[in-house]
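Q: Everything below, folded, please.
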Amino acid sequence: MTFIWDLKKPNDTVHYHLRKTERVNGKLKVTMNIYLGTTDKIRQENMGVEEKEIIKTLNIDALATN
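A: Take a look at the predicted model:
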């Protein structure tokens, strides 16, 4: 299962990660963990881009190979 995971730091900033978990020998293991950044960083990178374009360009398989 692939999902966005948020981690709150002590200085009250939230950092987001794209995570994928799979069962390995019957136990859940994180098999992919990609740092996406803070809300401000994500918003700044996508400023001026329509929501439809963001969804179209997100290719999880391509991210997993990096």
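
Q: Distance check, residue 12 against residue 38.
A: Look at residue 12 and residue 38: by CB to CB, to the nearest Å, they are 11 Å apart. (Each C-beta comes from the backbone N, C-alpha and C, glycine too.)

Q: whoops, I mixed them up, residue 9
A: 9 Å.

Q: quick one: which of these two has more around it?
A: A side-by-side neighbour count of residue 9 and residue 38, using other CB atoms under 10 Å, places residue 38 first with 14 against 9.

Q: For the chain, just list every one of the strands.
A: Under the criterion DSSP state E, the chain contains strands at 2-8, 14-24, 27-38.

Q: partner strands of the last one, parallel or antiparallel?
A: When pairing is defined by DSSP bridges, strand 27-38 lines up against strand 14-24 (antiparallel).

Q: For the partner strand, the averaged confidence score.
A: Strand 14-24 comes out with an average pLDDT of 90.

Q: tell me which residues in that strand are buried?
A: Going by neighbour count (16 or more other CB atoms under 10 Å), the buried part of strand 14-24 is 16, 17, 18, 20.
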